[in-house]
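Q: no sequence for this one, just the structure:
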Ligand code: NDP
């Protein structure tokens with residue numbers, strides 16, 4: 001009997017934090033490629049914070065999922081049957097198959113993966129979309145200079161870990177913010193940041209200030225909320241703030257004290273000549289993606305750029321791992337090993 005393909009669909013729109021019941025595992029027949037199509041068997045699935053936004057019925061930079069749709073996601077997949085002139089059986093590709101074991105493709109949006117360049121799972125993390133987010137945001141907006149101080153939160157994850165290492169390569173001081181002692185030890189000793197501060201500590205704002213005696217010149221914003229509030233008073237004149245993500249508010253607005261902070265924030269932006277610029281990684285792809293692959297690929301190959309992956313076994317574990325990542329229970333880039 002032919003094996004069934006499996007997929008995970010959005011079963012219900014989450015109210016606040018996603019629950020396991022917001023996802024449903026389904027079995028379908030393995031499809032057969034028609035002319036000009038390939039059959040893909042997924043090896044690795046990337047779980048990323050942006051997927052939370054797609055689960056809501058809200059206008060954003062990408063269209064929301066409908067209930068019943070397969071969850072979106074980028075994967076490393078193997079071509080197991082091909083009727084497409086550009087792809088042969090056995091090719092490895094980056095694809096946007098979503099959370100499933102098998103998919104058909106006409107080739108649009110596929111790109112070949114060279115396993116000689118780096119371990120293929122890195123193409124979903126440090127050498128993939130999250131890594132390029134760090135690279136593009138730092139190169140175009142952050143622009144760290146020697147001796148400056150760069151601060152980033154979610155510092156043990158794929159975006160933050162590369163932000164700090166790029167700061168060091170530029171001759172700047174790198175201060176990471178992470179949740180818990182174990183992650184902080186990795187950020188400082190494993191990744192080579194100058195300091196790492198636990199945002200769960202009661203005296204977090206004071207500790208951050210102590211770790212940044214000369215203020216902050218680049219704050220790479222991954223989180224928002226209480227971390228942004230602690231960073232804002234420390235920003236130097238002409239500081240740059242690439243706004244990459246606001247994960248503290250993806251499950252809904254964090255509990256506030258009712259104060260409208262926008263007027264005070266705008267005053268700081270004006271009086272300290274701050275550059276605050278949001279971006280989506282692909283804004284920078286045409287100009288900078290080739291440099292990213294070459295530079296960061298070389299750093300991975302010679303060991304000078306370090307990274308950590310949090311590999312989860314089996315497609316059925318994806319919902320639990322995704323929910324855990326939004327809560328900070330991951331330790332490194334979350335990747336689901338779907339099959340090899
Ligand atoms: P990570 O693998 O680092 O996982 C998310 C981490 O966020 C958690 O592990 C947790 O780390 C931290 N976190 C979650 N909630 C909070 C909170 N309330 N306060 C502080 N920290 C929190 O994620 P990525 O590296 O993949 O993504 C990091 C950010 O970059 C996200 O905001 C994401 O949306 C954004 N991004 C933006 C892109 C763009 O194109 N603009 C593309 C890719 C990512 P800890 O336990 O250390 O607190």
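A: Alright, I've got the coordinates. Predicted model, so just to flag it, every value in this text is computed and none were measured. Residues are numbered from 1 along each chain as shown.
Q: make it CA atoms for all contacts and neighbour counts henceforth
A: OK.
Q: For residue 79, see how far away the closest residue in space to residue 122 that isn't next to it in sequence is.
A: Spatial nearest neighbour of residue 122, chain neighbours left out: residue 128 (6.5 Å); criterion: CA to CA, 6 or more residues apart in numbering. Distance, residue 128 to residue 79, using CA to CA, to the nearest Å: 20 Å.
Q: And the residue most central in space within the chain, how close does it get to residue 160?
A: Using CA atoms, centre = their mean, the residue of the chain that lies closest to the mean C-alpha position is residue 130, 4.1 Å off. From residue 130 over to residue 160 the distance is 9 Å, taken as CA to CA.
Q: Provide the secondary structure category for the residue nearest to the centre of the chain.
A: Taken by DSSP: H, G, I helix; E, B strand; the rest coil, the conformation at residue 130 corresponds to helix.
Q: Which of the helices or strands spans the residue lying closest to it once chain neighbours are set aside?
A: When the adjacent residues along the chain are set aside, residue 130 lies closest to residue 159, with 5.1 Å between them (CA to CA, 6+ apart). When secondary structure is defined using DSSP states H and E, the element that contains residue 159 is helix 158-169.
Q: what's that helix packed up against?
A: Here helix 158-169 touches helix 129-136, strand 149-153, strand 173-178, going by 3 or more CA pairs under 8 Å, 6 or more residues apart in numbering; DSSP states H and E.
Q: Direction included, what does the shortest one pair up with?
A: Okay, so that is strand 149-153. Strand 149-153 has the following sheet partners, assigned by DSSP bridges: strand 173-178 (parallel), strand 216-220 (parallel).
Q: Can you check what angle separates the strand or helix carrying residue 311 from helix 158-169?
A: When elements are assigned from DSSP H and E, residue 311 belongs to strand 309-313. Regarding strand 309-313 and helix 158-169, their directions subtend 160 degrees when assessed with axes from the mean of the first three to the mean of the last three CA atoms, to 10 degrees.
Q: The helix or strand just after strand 309-313: which residues count as buried?
A: Of the helices and strands lying after strand 309-313 in sequence (DSSP H and E), the nearest is helix 318-326. Of the residues in helix 318-326, those scored as buried under the neighbour-count criterion (16 or more other CA atoms under 10 Å) are 318, 319, 321, 322, 323, 325, 326.
Q: In JSON lines, list the residues you listed along with pLDDT and distance to residue 337.
A: As requested, the buried residues of helix 318-326 are exported to JSON lines (pLDDT from 0 to 100; distance: CA to CA, whole Å):
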{"residue": "318", "pLDDT": "98", "distance to residue 337": "9"}
{"residue": "319", "pLDDT": "98", "distance to residue 337": "13"}
{"residue": "321", "pLDDT": "98", "distance to residue 337": "12"}
{"residue": "322", "pLDDT": "98", "distance to residue 337": "14"}
{"residue": "323", "pLDDT": "98", "distance to residue 337": "17"}
{"residue": "325", "pLDDT": "98", "distance to residue 337": "16"}
{"residue": "326", "pLDDT": "97", "distance to residue 337": "19"}
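Q: among those, which are in reach of the ligand?
A: When the buried residues of helix 318-326 are checked against the ligand using CA under 6 Å from any ligand atom, the ones in range are 325, 326.
Q: The buried residues of helix 318-326: which two are farthest apart?
A: 318 and 326 (12.5 Å; CA to CA).
Q: what sits against residue 328?
A: residue 179 (CA atoms under 8 Å, 6 or more residues apart in numbering).
Q: correct me, but residue 131 touches residue 158?
A: Yes. Using CA atoms under 8 Å, residue 131 is in contact with residue 158, at 6.1 Å.
Q: Mutual contacts of those two, please.
A: With contacts defined as CA under 8 Å, 6+ apart, the residues shared by residue 131 and residue 158 are residue 125.
Q: and the buried residues of helix 318-326 as CSV, adding distance to residue 28?
A: Listed next are the buried residues of helix 318-326 as CSV, based on distance: CA to CA, whole Å:
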residue, distance to residue 28
318, 18
319, 19
321, 23
322, 23
323, 25
325, 28
326, 29
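Q: for this structure, longest helix please?
A: When the chain is parsed with DSSP state H, its longest helix is helix 285-301.
Q: can you give me the mean pLDDT across that helix?
A: Here the mean pLDDT over helix 285-301 is 97, rounded to a whole number.
Q: Would you mind listing the outside residues contacting it?
A: Contacts to helix 285-301, defined as CA under 8 Å, 6+ apart, come from residues 117, 118, 127, 132, 135, 136, 305, 306.
Q: Run a quick neighbour tally on the third one.
A: Just to be clear, that refers to residue 127. Neighbours of residue 127 under the rule other CA atoms under 10 Å: 26.
Q: Can you tell me the SS state at it?
A: Using three-state DSSP, the structure places residue 127 in coil.
Q: who in the protein is up against the ligand?
A: Where proximity means CA under 6 Å from any ligand atom, the interface of the chain facing the ligand comprises 48-50, 130, 133, 154, 157-160, 178-179, 222-223, 244-248, 279-281, 325-330, 332-333.
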